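Asker: Please find the sequence and the predicted model below.
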Amino acid sequence: MQDSKFAPFIGAGPNVAPGGNVILSVKKVSHGFNKTHGELLILDDVNLTLGAGEIVGLLGRSGSGKSTLLRIIAGLITPSAGEVDYLDKPLDGPAKGIAMVFQTFALFPWLTVLQNVEAGLEALGVAAAERRKRALAAIDLIGLDGFENAYPRELSGGMRQRVGFARALVVDPTLLLMDEPFSALDVLTAETLRTDLLDLWSQGRMPIKSVLIVTHNIEEAVFMCDRILVLSSNPGRVVAEIKVPFKHPRNRLDPVFRRLVDDVYAKMTARPAGDTVKKGLVLGTRLPHVSTNLIAGLIETLAGAPYHGRADMPDIAHSLHLEVDDLFPIAEVLQFLGFADVREGDIFLTPQARVFAESDTQPRKVMFAEHLLLYVPLAALIKTVLDERPGHRAPRLRFEQELEDSLSDGAAKETLDTVINWGRYAEIFSYNDQTEFFSLEDVEF
């Protein structure tokens with residue numbers, strides 16, 4: 001017989017088969033920002049449906065708008081176009097029955113565990129006795145019984161995130177949204193928390209009917225989800241839907257599990273249908289902040305044994321302890337710079353990359369400079385402007401404003417900072433961070 005302290009949650013779990021009652025529908029949702037040359041789209045024509053009894057994962061690279069979409073569904077952001085229906089009614093702002101767990105713990109440091117969990121109920125006007133009863137049940141459910149009077153500073157990262165889950169569960173949500181809830185935790189803690197939550201879900205001991213989780217971890221998506229939606233980048237669109245046929249609990253070492261992980265990597269690295277030619281960068285392309293040390297390190301790793309120039313991305317991610325959001329940007333940069341090709345879940349070094357791996361420092365710099373000027377239009381523009389100006393100097397603002405015509409302010413800054421890092425390594429220009437001026441290598445400020 002189950003303890004009565006779990007009464008608020010018993011029988012409210014996922015007992016409806018996928019494809020049953022529709023909890024959420026996202027219809028033709030787009031979102032963007034107005035820029036000089038038109039709207040900069042973050043999401044474009046996104047459609048998805050979430051049924052009762054299923055966990056659905058949103059998987060995509062940086063720039064795919066995963067977190068933006070989750071906040072639209074939470075009612076925190078109004079989309080530029082399209083609509084979101086929750087329980088067959090249009091969503092207009094935050095809705096009762098939708099709760100969210102964030103990547104960061106977001107606890108009130110001056111409140112105890114119990115007070116943090118009660119905070120949402122207090123905001124809803126729940127009476128003191130009732131909120132205390134529900135908060136204690138939620139704390140017990142997620143495994144923090146005994147820590148009710150502890151403050152966040154006394155808790156480990158995993159325990160603080162458990163408080164975040166208790167705070168979400170205590171309001172009896174129908175839909176739970178999770179934005180990379182395990183990414184701030186160490187590997188073992190994250191695995192324990194995932195397993196505990198899946199046990200509660202499978203046993204029907206949580207009030208939620210559906211879960212939508214944003215993740216950058218492909219194994220995590222296959223381990224937890226019934227369906228995985230893959231989003232493209234810049235702008236974000238749903239480009240693939242992958243059904244996960246395994247029952248819980250799942251075995252990560254099962255060859256069938258590993259094959260599905262490989263398939264997801266392949267989906268995420270596949271070129272759009274009909275696109276047989278690798279597209280080059282344009283001036284307004286957003287560039288991830290990948291250091292030259294990471295670029296050189298991945299080239300050296302791939303060139304050596306056991307890869308010898310070709311690697312399966314799940315294997316290289318596992319051996320280097322990298323997540324999707326860590327590995328894919330480096331692999332993409334290698335592809336942008338003509339040092340690699342990425343397709344169908346594999347990464348292949350080009351002959352130039354093999355030469356780079358075998359070269360000493362100065363020949364590497366020369367080769368990197370050649371590739372940078374050839375393949376990265378922003379680097380070539382900076383070098384051209386500096387060559388043409390009598391004083392061989394130019395302000396950062398000149399290039400940042402040009403990027404802001406087609407990128408968000410944050411993306412423009414990140415892109416320019418990335419090219420500054422690469423250009424310094426390649427010795428094609430200098431940059432003074434105090435004066436925010438570029439110059440040629442041999443020109444004094």
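Answerer: Done, it's in. Residues are numbered from 1 along each chain as shown.
Asker: going forward, measure contacts between C-alpha atoms and count neighbours the same way
Answerer: Will do.
Asker: Could you give the number of residues near F399?
Answerer: 17 (other CA atoms under 10 Å).
Asker: Let me see the contact set for it.
Answerer: The contact partners of F399, by CA atoms under 8 Å, 6 or more residues apart in numbering, come to 382, 416.
Asker: for E241, same thing?
Answerer: Going by CA under 8 Å, 6+ apart, E241 touches 227-230.
Asker: Need phi/psi at it.
Answerer: phi -120, psi 120 (degrees, to the nearest 10).
Asker: Adjacent strands (with direction) for whichever strand or helix holds M100?
Answerer: Using DSSP states H and E, M100 falls within strand 98-101. If you go by DSSP bridges, strand 98-101 pairs up with strand 175-179 (parallel).
Asker: which residues touch the partner strand?
Answerer: Residues from elsewhere that reach strand 175-179 (CA under 8 Å, 6+ apart): 23, 67, 70, 74, 97-103, 168, 208-215.
Asker: Kindly report which residue of this protein is located farthest from the centre.
Answerer: Centroid-distance maximum for the chain: P390 at 44.4 Å, with CA atoms, centre = their mean.
Asker: From L440, how far out is it?
Answerer: 11 Å (CA to CA, to the nearest Å).
Asker: returning to that earlier point: identify those among the contacts of strand 175-179 that sit within strands.
Answerer: Counted as lying in strands by DSSP state E, out of the contacts of strand 175-179, are 23, 98-101, 210-215.
Asker: circling back to that earlier point, for the residue farthest from the centre of the chain, phi and psi?
Answerer: Here is the backbone geometry of P390 (degrees, to the nearest 10): phi -60, psi -40.
Asker: Just the local confidence number for it, please.
Answerer: If you check P390, the pLDDT there is 88.
Asker: Next: A266.
Answerer: Listed pLDDT for A266 reads 85.
Asker: so who does it touch?
Answerer: Contacts for A266 (CA under 8 Å, 6+ apart) come out as 343-346.
Asker: Just give me the closest of those to G32.
Answerer: G32 lies nearest to R343 out of the contacts of A266, by CA to CA, at 28.8 Å.
Asker: Tell me where the model's unsure across the stretch 1-150 of the chain.
Answerer: Applying pLDDT under 70 to the stretch 1-150 of the chain flags residues 1-20, 35-39.
Asker: where along it do the helices fall?
Answerer: Applying DSSP state H, counting those that start in this stretch to the stretch 1-150 of the chain gives helices spanning 66-73, 113-123, 128-141.
Asker: Alpha carbons only: can I get the shortest one in CSV?
Answerer: So that's helix 66-73. Coordinates of each C-alpha in helix 66-73 appear next as CSV, following Å, rounded to 0.1, in the frame of the first residue of the first chain:
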residue,chain,number,x,y,z
LYS,A,66,15.2,25.2,-29.0
SER,A,67,15.0,27.3,-25.8
THR,A,68,13.1,30.1,-27.6
LEU,A,69,10.5,27.5,-28.7
LEU,A,70,10.2,26.2,-25.2
ARG,A,71,9.6,29.7,-23.8
ILE,A,72,6.9,30.3,-26.4
ILE,A,73,5.2,27.1,-25.3
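Asker: residues making contact with it?
Answerer: For helix 66-73, the external contacting residues (CA under 8 Å, 6+ apart) are 26, 43, 58-60, 77-79, 84, 91, 177, 179, 214, 231, 236.
Asker: How far does it sit from its chain's centre?
Answerer: Counting by CA atoms, centre = their mean, to the nearest Å, helix 66-73 is centred 11 Å from the centre of its parent chain.
Asker: which parts of that helix are buried?
Answerer: Residues 66-73 are the ones in helix 66-73 that count as buried (16 or more other CA atoms under 10 Å).
Asker: if we can go back for a sec, need the helices of the stretch 1-150 of the chain in a markdown table (columns: distance to S183).
Answerer: Converted to a markdown table, the helices of the stretch 1-150 of the chain look like this (distance: least, CA to CA, whole Å):
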| stretch | distance to S183 |
| --- | --- |
| helix 66-73 | 13 |
| helix 113-123 | 21 |
| helix 128-141 | 22 |
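Asker: Now do the domain split for the chain, please.
Answerer: Domains of the chain are assigned by automatic domain parsing as 4-97+172-269, 292-357, 376-439.
Asker: quick one: low-confidence parts of the stretch 301-445 of the chain?
Answerer: In the predicted model, the stretch 301-445 of the chain carries pLDDT under 70 at residues 441-445.
Asker: what are the ranges of the strands in it?
Answerer: Taking DSSP state E, counting those that start in this stretch, the strands of the stretch 301-445 of the chain run over residues 310-312, 340-343, 346-349, 393-395, 430-432, 437-439.
Asker: what's the distance between the fourth one and the middle of its chain?
Answerer: Translated: strand 393-395. With CA atoms, centre = their mean, you get 35 Å for strand 393-395.
Asker: quick revisit: let me have the strands of the stretch 301-445 of the chain in CSV, adding mean neighbour count as columns.
Answerer: Conversion of the strands of the stretch 301-445 of the chain to CSV gives the following (neighbours: other CA atoms under 10 Å):
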stretch, mean neighbour count
strand 310-312, 19
strand 340-343, 20
strand 346-349, 22
strand 393-395, 18
strand 430-432, 18
strand 437-439, 21
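Asker: Identify the residues contacting R132.
Answerer: By CA under 8 Å, 6+ apart, the residues touching R132 are 114, 118.
Asker: Likewise for A270?
Answerer: Contacts of A270 (CA under 8 Å, 6+ apart): 343-345.
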